[in-house]
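Novice: Mind looking at a prediction? Sequence and model below.
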Number of protein chains: 2
Amino acid sequence: MEHVYATFRLDAPPAQARALAEAILLEQTVETPRRVAEAYPFVRTRLMGDLSDLQPDGPDATRVTLALPVLTASADPAQFLNVLFGNTTLQPGVTLLDFDVPPALHRLFRGPRFGLDGLRALTGVPTRPLTATALKPVGLGVDALATLCRTFAEGGIDLIKDDHYLADQPFCPFEARVRACQAAIDDVAGRTGHRALYVPNLSGTPDQVRRQADLAQHVGVGAVMVAPMLLGLPAVYDLTRHHLDVPVLAHPSFAGGPRIRPEALLGKLFRLFGADAVIFPNYGGRFHFTPADCTRIADALRADWPPFRPALPIPAGGMNIERAEEMISFFGLDTMLLIGGSLLEAGDALPHRTRTLVASVEHIAARLVAGPHS
Amino acid sequence: MEHVYATFRLDAPPAQARALAEAILLEQTVETPRRVAEAYPFVRTRLMGDLSDLQPDGPDATRVTLALPVLTASADPAQFLNVLFGNTTLQPGVTLLDFDVPPALHRLFRGPRFGLDGLRALTGVPTRPLTATALKPVGLGVDALATLCRTFAEGGIDLIKDDHYLADQPFCPFEARVRACQAAIDDVAGRTGHRALYVPNLSGTPDQVRRQADLAQHVGVGAVMVAPMLLGLPAVYDLTRHHLDVPVLAHPSFAGGPRIRPEALLGKLFRLFGADAVIFPNYGGRFHFTPADCTRIADALRADWPPFRPALPIPAGGMNIERAEEMISFFGLDTMLLIGGSLLEAGDALPHRTRTLVASVEHIAARLVAGPHS
């Protein structure tokens, strides 16, 4: 019988962890007194799962793997989350480390529709890291943002995304912004042949986001951005399965709280629910993620995990041009470098600074591809 | 100028907290280097917010209140969350304690449509605590659950809700279950005059949940249940604003992670986004919430917070009949007692046990209303 295997770290020594693990298993499967649930043969054999493994994880912690029932987890995308780690998020001292999904769930989840290879095909960049930047700060009007978008496109940036504070504000309405920015992209493409992907931020309720997606695709944008934890992962599922023909970049806003390891949430869950590329806080920026955290997130996004396409990691959060070489060495070529606010510090030199970024990424990547002896 | 005021606890002594608070303010408003953002007068004056207050909170922590810009927060329900506590959830040592919403946001958020008074009117219970129970465990078929529903309705329970693991599973399809359970309710109402509210669990993507809501309302259910953190708070907003004519009970699954105090998340955010009643883990049950935690959640749900209607607290999670008196004394009359799995332990005595629960709640409440000297 297939199961969803979920591995948790319990902040309890192994001697106490078994009872705790059994309680979590009951909570995450039938949430009914054991005696009551076990009285029904179908419930007992198919819906109560199993304690699959229990190992010490240092002196004060235990690593536990639960085999959770596919019959509940496969009902719908929200129910999958509910079974994986629903009520137990309310318990202290429990962290979800990892999970896997059995073949029975491959019909429910398709993962990225484009992923790493699809984004390379759409941008026409076969080998080097992709470059990305952001239209910001919030508060600029449509014309100012479209001018920025034009400058970035002329400078050769691959993806130009909205800042995540850009929504449908009166001082910068969604429709006017998306039309103006995409027009700038189209104009530059017509003149220079370089067609950047403009990536508007979709924000709001499911009804609002669907209307924004329709409009953005009608205008011809190259991709869209969403923050899955703000919108709800099931809303991203609907978008990617039923309402979008372009790739999705996932933003990590509101994703920091749950007791889920970042590589499991940003790496695996975002990918599973359809993100083609995932923005996450790089080490050494404004956030406290370590190099090891970042490696695990990038690895989870790109890992061989059939049938789900690899997704593209986007380390970000206070990055600058000077770190391009270090970041490419660290993350490898299959990476998108998102350099936002620090580019804007160039002021009048922004066109030059943008071209410098693009050229240096090309240069560093070419050197890496040629190998250490070139 | 109006602001959204958000109060955070920073795990840092006041001497270090000011720089941290300034960084959080920048992150939660324009997320752009200060020098770049301040160059635009409209951004500087309207979109960068303010550090409103900073007070020691013991020797190692600081309480900080940020004045966040209404112009971004009011764009849509997801953007409100993004401004309130988006990227900063990714930082360690920051907890959202409380927030308030200015009049400019009262058009965006309406809060509960029914709330405490509306649920009292719909159930015809003017004074005493409401009683509720759950159809479970998952794995039972439609007939078994409908039989349970009938038993509970005959016993006089006010609300009968689906377990949160009931979705649209092949062994218990949503439509068949909702029709059968509501038919049981209608039958009991016709024979006895007692019309319990049947509360199906809506689970899935926004498209799925909307279809379930339409169907459930067509069948005539009394209310619905959703888990806002599983579906996404903006999805609940859409449901309550545009797709539902019946009350919503909110379930706390997946709500335990974010670094948001439970009274702010389950108490205020759930209420703001439209929950009429909120289930939360009671003290002394399977979860680790303290009596003080529970008081704060219940108080936040029922607090005078115009223009938002008070919502009904539903302490739950391993409750039983024997605790009814204690719970009513603790939470007061404006409470819903949700007693799920433990009722089912009665086995063949379930009808009797259900009537005992209802009678004892009526008895305890009558004594409380009459006062200590009766």
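Specialist: Perfect, thanks for sending it. In this text, all values refer to a predicted model and were calculated from it rather than measured experimentally.

Novice: For whichever residue of chain A sits closest to chain B, the count of nearby residues, please.
Specialist: Nearest residue of chain A to chain B (Cβ to the nearest Cβ) works out as A:G232 at 1.7 Å. C-beta here means a position set from N, CA and C on the backbone, and glycine is covered the same way. Neighbour count for A:G232, taken as other Cβ atoms under 10 Å in any protein chain shown: 31.

Novice: That one contacts B:L231, correct?
Specialist: Yes: look at A:G232 against B:L231 with Cβ atoms under 8 Å: they come within range, at 5.3 Å.

Novice: Overlap of the contact sets of those two?
Specialist: B:P206 (Cβ atoms under 8 Å, 6 or more residues apart in numbering or on different chains).

Novice: Need phi/psi at A:N201.
Specialist: Dihedral pair for A:N201: phi -90, psi 120, per degrees, to the nearest 10.

Novice: On the pLDDT front, check the residue nearest to it when sequence neighbours are not counted for me.
Specialist: Nearest-residue entry for A:N201: A:D162, 3.8 Å, with adjacent residues in sequence omitted and distances by Cβ to Cβ, 6 or more residues apart in numbering or on different chains. Here the pLDDT value assigned to A:D162 is 98.

Novice: so what's A:D162 up against?
Specialist: A:D162 neighbours (Cβ under 8 Å, 6+ apart): A:134-135, A:177, A:199-201, A:225.

Novice: What of A:P33?
Specialist: The contact partners of A:P33, taken as Cβ under 8 Å, 6+ apart, are B:341-342, B:344-345.

Novice: what do you get for A:M336?
Specialist: A:119, A:129-132, A:158-159, A:277, A:312-314.

Novice: so how far is A:E362 from A:T123?
Specialist: 13 Å (Cβ to Cβ, to the nearest Å).

Novice: Looking at the contacts of A:P33, state which has the most neighbours.
Specialist: Each of the contacts of A:P33 was scored for neighbours by other Cβ under 10 Å, and B:G341 scores highest at 25 neighbours.

Novice: confidence score at the closest residue in space to that residue that isn't next to it in sequence?
Specialist: Counting by Cβ to Cβ, 6+ apart, A:T32 is the residue found nearest to B:G341 once chain neighbours are left out, at 4.5 Å. A:T32 carries a pLDDT score of 94 in this model.

Novice: What is the three-state secondary structure of A:S342?
Specialist: helix (DSSP: H, G, I helix; E, B strand; the rest coil).

Novice: Let me know whether it touches A:M319 as I believe.
Specialist: Yes: between A:S342 and A:M319 there is a contact at 6.8 Å, judged by Cβ under 8 Å.

Novice: anything in contact with each of these two?
Specialist: Joint contacts of A:S342 and A:M319 (Cβ under 8 Å, 6+ apart) do not exist.

Novice: what's the distance between A:L239 and A:M336?
Specialist: With distances taken as Cβ to Cβ, A:L239 is found 20 Å from A:M336.

Novice: Could you do A:Q28 as well?
Specialist: A:Q28 is 35 Å from A:M336, by Cβ to Cβ.

Novice: Tell me the residues on the stretch 51-200 of chain A that lie near chain B, please.
Specialist: A:71-72, A:75-79, A:81-83, A:85-92, A:136-140, A:163-165, A:167-169, A:171 (Cβ under 8 Å from any Cβ of the partner chain).

Novice: Quick one, which of those residues are buried?
Specialist: Neighbour-count burial (16 or more other Cβ atoms under 10 Å in any protein chain shown) is assigned, among these, to A:71-72, A:75-79, A:81-83, A:85-91, A:136-140, A:163-165, A:167-169.

Novice: Give me the subset of those lying in helices.
Specialist: Among those, DSSP state H puts A:71-72, A:77-79, A:81-83, A:85 in helices.

Novice: shaky segments in the stretch 251-374 of chain A?
Specialist: A:257-258, A:372-374 (pLDDT under 70).

Novice: which residues of it fall in helices?
Specialist: Ranges of helices within the stretch 251-374 of chain A are A:262, A:270-272, A:291-302, A:324-331, A:341-344, A:350-370, based on DSSP state H, counting those that start in this stretch.

Novice: What's opposite A:T65 in the beta bridge?
Specialist: With DSSP bridges as the criterion, A:T65 is bridged to A:T7, A:D53.

Novice: Could you pull out the helices in the stretch 101-250 of chain A for me?
Specialist: A:115-123, A:142-154, A:174-192, A:206-219, A:228-231, A:233-238.

Novice: out of those, which comes closest to B:M48?
Specialist: Distance to B:M48, taken as Cβ to Cβ, is lowest for helix A:142-154 among these, at 16.7 Å.
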